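Asks: Pasting the sequence and the predicted model now:
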Amino acid sequence: MTENSTVKSLAKALSVLECFSVDKPELGISEISRMLGLQKSTVYNILSTFQRCGYLIKNPENSKYALGLKVLHLAYIVSSHHGLRDMFLPYLTRIARETKEVCYFGILDEREVLYIEAAYPSMQQQTRNILGERAPLYCTGLGKAMLAHLPPEEMEAVLAAPKRAFTGCTLTDAAALRQQMEEVRQNGYAVDNMEHEFGIRCVAVPVFSTSGQVIAAVSVSGPSPRFDPETIIRDARLIADILQPLQYQLN
């Protein structure tokens, strides 16, 4: 097998792993075959290899596959090495306590938001594990806070790409989004107005590195009636003030 074909085989196997998501935690051979346009026999061989190595597990009741503990272990190593979660958690906890809303922390990852931490108000229990979830940049508070500060060519690439309308409030028009990005830069914060999940609003503030590049964002999120214009401005200022010691301090 040549080096080029080896790389292609590895890329094909990794594409199978990337089919799994929060929305589709379990997948069968036929589903993955349709998603990737691969032969079922090829998919079966890849899934079987990942299962033997612990990266996938098979549900005996429906013969579908799901991500295994090896993937979680690798995610933990990456998260621990990155160090951002431990650094930001005290700030997220304070923001959640003072706003009485759920506070999320996400980073840029291949033109998507990757959620890596959340903090909950003391009177609210954690409803789900946000670690590892992904979402588009164009329709989330965290995403728009970062998208507005990307280099122009990177921002335009996101705006020009096909977009899914998650709700009736989702903006998919590039011109409208471009105008909104200008407002985000002027205001210093972004708002998700029920664009990713109906009934949920959030306000987010970007986080910058020492070189001035946007690398992350922090948001508070909750039921839309609680986020009137005055509350949005107040929460945006509070987030920015609490995060101020971290801004432009990260590599």
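Replies: Alright, I've got the coordinates. Numbers count the residues shown, from 1 in each chain.

Asks: Show me where the protein has its strands.
Replies: Using DSSP state E, the strands assigned to the chain run over residues 56-58, 65-67, 102-109, 112-119, 134-136, 190-193, 200-208, 214-223.

Asks: What number of residues are in the vicinity of Ala204?
Replies: Using other Cβ atoms under 10 Å, Ala204 has 29 other residues around it. In short, each C-beta sits where N, CA and C put it, glycine included.

Asks: distance of it from Leu56?
Replies: Distance, Ala204 to Leu56, by Cβ to Cβ, to the nearest Å: 34 Å.

Asks: Glu112 bridge partners, please.
Replies: Asp109, Pro136 (DSSP bridges).

Asks: burial count for it?
Replies: Counted with other Cβ under 10 Å, the neighbours of Glu112 add up to 17.

Asks: my guess is Lys70 meets Cys53, correct?
Replies: Yes: here Lys70 reaches Cys53: they are 6.7 Å apart, a contact under Cβ atoms under 8 Å.

Asks: how distant is stretch 185-200 from the center of its chain?
Replies: 15 Å (Cα atoms, centre = their mean, to the nearest Å).

Asks: rewinding a little: tell me which of Lys70 and Cys53 has more neighbours.
Replies: Taking other Cβ under 10 Å, Lys70 and Cys53 do not tie; Lys70 has more neighbours (14 against 10).

Asks: Quick check: closest non-adjacent residue to the more buried one.
Replies: Nearest non-adjacent residue to Lys70, counting by Cβ to Cβ, 6 or more residues apart in numbering: Gly54, 4.0 Å away.

Asks: And Ala216, by the same measure?
Replies: Closest to Ala216 by Cβ to Cβ, 6+ apart is Val207, at 4.1 Å.
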